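Engineer: sequence and predicted structure are below.
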Amino acid sequence: MRMTTEEAFVKVLQRHGIEHVFGIIGSAFMPISDLFPAAGITFWDCAHEGSGGMMADGYTRASGKMAMMIAQNGPGITNFVTAVKTAYWNHSPLLLVTPQAANKTIGQGGFQEVEQMALFKDMVAYQEEVRDPSRIAEVLTRVIAQAKRHSAPAQINVPRDLFTQVIDIELPPILAFERPAGGAESIAKAAQLLSSARFPVILNGAGVVLSPGGIDASRALAEALDAPACCGYQHNDAFPGSHPLFAGPLGYNGSKAAMQLIAKADVVLALGTRLNPFSTLPGYGIDYWPKQAAIIQVDINPNRIGLTKPISIGIVGDAAKVAKEIHARLGAGTGDKDRAARKAVIAQTKSAWAQELTSMDHEQDDPGTTWNARARRAKPDWMSPRKAWRAITASLPRDAIISSDIGNNCAIGNAYPSFEQGRKYLAPGLFGPCGYGLPSIVGAKIACPEVPVVGFAGDGAFGIAVTELTAIGRKEWPAITMIVFRNYQWGAEKRNSTLWYDDNFVGTELDEDVSYAGIAKACGLQGVQAFTMDALSKALAQAITDQMQHKKTTLIEAMINQELGEPFRRDAMKKPVKVAGIDRADMRPQEVG
């Protein structure tokens, strides 16, 4: 068939059902974008490419469908770096299209030239450059297949002078593959271990959410064993929240019940998880990881099995398929050992934690520090972060998709939300970028327009994405609800400063004269401030009504005191030691020229 290179490119996108593209328009890919309307492809022109990439991530995580990212070669593409690495650790199969400076001039240091393949080498599962116009459809088809195979971003690099060339081409078929179900020997050994366990525990990761039927297969296995089910950090949607066996998330500011229960395990089935460090770090002073337990780790990527923890059995496979295979091979009487006592311990542990969490109003100071006490005295009538989260939980719809940014106040909320389905909780993942909460929830709403969505961010992180308020108010963009925890500080870093640097607050303070609600109004959106729990609950309920019934976007500033939660990395920080000493008098004027 005779066609242009851009026609071949767009026809491949159509074959794969890629309907949504995120980025900022640029001359390097206008031959493609010119065809988008006719092809049924929507181009979401954001305010910053970094946010556009996070929108694509949110879209894919909420829907399971692949989205595409594209921008102008050079600076437009470099702005994607943080978003692509974020999507990599979120296991999002995204298509990264990077138009490149023209072959004719590359290497001359021309306008907007940069080594784009080298730039993303550590951030994508696969990358390939188009070497000849006639191969553009072949390469694009392979890149899409690799993104799906690895559940990660994959990159196609296209020199811009390869567009608008006429070629004779046969469009390649879609490359499909079947996910593995684990080896027969390792499945049998895992089933045997679980069959004889006295206190088995299931730990679900992102792979359970990404695997079709993964949550149901995990639930059925947990019920057969009467095993408590935990989830990894930021994967609260990996098991039905109302289920009596669900213990909640491990890791930073997670569920004390989950930590106490997994500490009792003699066998742990780590299902669809790489056992990332934040999912196993001590919490609430509990070093809970069961060092004597047999660990069965299931992951689709063999390179991640046994990487962070010693394991007894490693199984390479899809979470749902492996869980079903193990379930089918459980021995007679599986789970009967101490079943009644185990169920009682699970119920009692969960109940005690629920009562404790409900009574947790404030953050505690470490011995020798007083910041949180001072913060409460300074603003006695403002909400604490935990009171804000309880108010939010009271009005958050059960079917809502939520996003979280990185930061102290969002992290405090880790123990609060639970979900009945997967693909409901979008957190920034282990790359930990600030500015994720707003763009990811916009992407989720594009993917799921009939579902209520709520994004969360601290005010420091939100400042990185605030420019998107200038984009999302246009009539073609969907309505969302955004909550910003407003305490005028970079909280996580400030907590580090109180614990290790004697309240020497360098770079932690934000401008108190800035109103994000005011900026939202200036952008044609609704902006509200809430100072009390009741006001916050009512504002959120109204915002959801306005989102779903009136297609209006609302930004709510939750005005909270400056209490600070647990630091992210007690294990990575230590008190500084003065040796040579630093003196201002040693500063010398800098010579110029």
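Structural biologist: Nice, I can see it.
Engineer: how far away is residue 17 from residue 31?
Structural biologist: 22 Å (Cβ to Cβ, to the nearest Å). Just so you know, the C-beta spots here come from the backbone N, C-alpha and C atoms, and that holds for glycine as well.
Engineer: which of these two has more residues huddled nearby?
Structural biologist: Under the criterion of other Cβ atoms under 10 Å, the comparison of residue 17 against residue 31 puts residue 31 first, with 20 against 10.
Engineer: name the SS class of the more buried one, please.
Structural biologist: Recorded secondary structure, residue 31: helix (DSSP: H, G, I helix; E, B strand; the rest coil).
Engineer: report the contact partners of residue 119.
Structural biologist: Residue 119 is in contact with 77-78, 81, counting by Cβ atoms under 8 Å, 6 or more residues apart in numbering.
Engineer: 10 Å instead?
Structural biologist: By Cβ atoms under 10 Å, 6 or more residues apart in numbering, the contact set of residue 119 is 77-78, 80-81, 84, 98, 127, 155, 157.
Engineer: from residue 410, how far off is residue 497?
Structural biologist: Taken as Cβ to Cβ, the span from residue 497 to residue 410 is 19 Å.
Engineer: nope, residue 488 is what I meant
Structural biologist: Residue 488 is 16 Å from residue 410, by Cβ to Cβ.
Engineer: more crowded one of the two?
Structural biologist: Per other Cβ under 10 Å, whichever of residue 488 and residue 410 has more neighbours is residue 410, with 27 against 17.
Engineer: which residue packs closest to that one, ignoring adjacent ones?
Structural biologist: In space, and not counting its chain neighbours, residue 410 is closest to residue 404: 4.5 Å by Cβ to Cβ, 6 or more residues apart in numbering.
Engineer: quick one, strands of the stretch 101-250 of the chain?
Structural biologist: Taking DSSP state E, counting those that start in this stretch to define them, one finds strands in the stretch 101-250 of the chain at 126-129, 154-159, 166-168, 200-204, 229-231, 246-249.
Engineer: got JSON lines for these, with mean pLDDT, mean neighbour count and distance to residue 274 too?
Structural biologist: Converted to JSON lines, these look like this (pLDDT from 0 to 100; neighbours: other Cβ atoms under 10 Å; distance: least, Cβ to Cβ, whole Å):
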{"stretch": "strand 126-129", "mean pLDDT": "98", "mean neighbour count": "18", "distance to residue 274": "19"}
{"stretch": "strand 154-159", "mean pLDDT": "97", "mean neighbour count": "24", "distance to residue 274": "19"}
{"stretch": "strand 166-168", "mean pLDDT": "96", "mean neighbour count": "12", "distance to residue 274": "42"}
{"stretch": "strand 200-204", "mean pLDDT": "98", "mean neighbour count": "29", "distance to residue 274": "11"}
{"stretch": "strand 229-231", "mean pLDDT": "97", "mean neighbour count": "31", "distance to residue 274": "14"}
{"stretch": "strand 246-249", "mean pLDDT": "97", "mean neighbour count": "28", "distance to residue 274": "16"}
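Engineer: would you reformat these as JSON lines and include distance to residue 572?
Structural biologist: Shown next, in JSON lines, are the strands of the stretch 101-250 of the chain (distance: least, Cβ to Cβ, whole Å):
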{"stretch": "strand 126-129", "distance to residue 572": "31"}
{"stretch": "strand 154-159", "distance to residue 572": "31"}
{"stretch": "strand 166-168", "distance to residue 572": "53"}
{"stretch": "strand 200-204", "distance to residue 572": "23"}
{"stretch": "strand 229-231", "distance to residue 572": "24"}
{"stretch": "strand 246-249", "distance to residue 572": "21"}
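Engineer: out of those, nearest to residue 354?
Structural biologist: When these are compared by Cβ to Cβ, strand 246-249 sits nearest residue 354, at 9.6 Å.
Engineer: other SSEs contacting the helix or strand just after the closest one?
Structural biologist: Remark: after strand 246-249, the chain's next helix or strand is helix 256-262, criterion DSSP states H and E. On a contact count with 3 or more Cβ pairs under 10 Å, 6 or more residues apart in numbering; DSSP states H and E, helix 256-262 meets strand 200-204, strand 229-231, strand 246-249, helix 339-359.
Engineer: and residue 572, what does it touch?
Structural biologist: residue 496.
Engineer: picking up where we left off before, let me know the pLDDT of the residue nearest to residue 410.
Structural biologist: Looking at residue 404, its pLDDT stands at 95.
Engineer: can you count the residues close to residue 10?
Structural biologist: Neighbours around residue 10, by other Cβ under 10 Å: 24.
Engineer: hmm, back to that, residue 398: which of the helices and strands packed on helix 256-262 is closest?
Structural biologist: Per Cβ to Cβ, nearest to residue 398 of the helices and strands packed on helix 256-262: strand 246-249, 14.5 Å.
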